[in-house]
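Novice: Whatever this is, show me its structure:
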Amino acid sequence: MQYPAIILEGGGLPIKAGKETIAAIGVSGTASEQTDEDCARAGLDKISAKLTALPTRKYLPLSLAQEAADAAVGFCKSIHSGVAVIVADRSGKPKVWLDADEGRADNADVARRKAYTAVVQREDTAVLADELVKLPGGRATRLPDPDLIGASGGLPFVVDGDVIGAIGVSGGTRDPECSQAGLDKIKDRLK
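Specialist: You can find the predicted model right below:
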């Protein structure tokens, strides 16, 4: 297969952090005695010392997110049908979305909000649910972020104190057990 956009000339070098290529530097049209590659290498040399100080972030691999969602749905099917499971990334954005058959129309949105809340609050959503009950408005208390929800069934995925994602389950009376089944399936492999 041909790649017409690839130019096979010097002047392009990978920028690596450890063994991983994280970017590239490219120079073209050098009008001096130096080659394009010499100029690119000079730029790379200038930043190479700073590359070792780049921060690293843990993340939730898609394969583990899928396994957690499948485990939660599998556990829920043995109890009741019609659940929705959302596994979110570290920002609370859905990464895996499973909406089982026979579910209510709002299950997926509630599951998404549970996963989001677990990420943002950095704890089991049951904690917020319990706190809301103590307030004068109870569970009807308006929260500052409309995506937060005070309902159990959302659990964060925590690695070394860092929340890398969360699972939210909605659709039954035992949502917390279903989300725990999802977390339990992958917790030993979260790193």
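
Novice: List the beta-bridge partners for residue 154.
Specialist: Beta-bridge partners recorded for residue 154 (DSSP bridges): residue 168.

Novice: what's the burial count for it?
Specialist: If you count neighbours by other Cβ atoms under 10 Å, residue 154 ends up with 34. For every residue, glycine as well, the C-beta is placed using N, CA and C.

Novice: Am I right that it is in contact with residue 117?
Specialist: Yes: with contact defined as Cβ atoms under 8 Å, residue 154 and residue 117 form a contacting pair (5.4 Å).

Novice: Counting neighbours, what do you get for the closest residue to residue 29 other than its chain neighbours?
Specialist: In this structure, residue 29 finds its nearest non-sequential neighbour in residue 36, 7.4 Å apart by Cβ to Cβ, 6 or more residues apart in numbering. Residue 36 has 16 neighbours, counted by other Cβ under 10 Å.

Novice: Please tell me how far residue 36 sits from residue 25.
Specialist: Between residue 36 and residue 25 the computed distance is 11 Å (Cβ to Cβ, to the nearest Å).

Novice: and if you look at residue 147?
Specialist: Going from residue 147 to residue 25 by Cβ to Cβ gives 40 Å.
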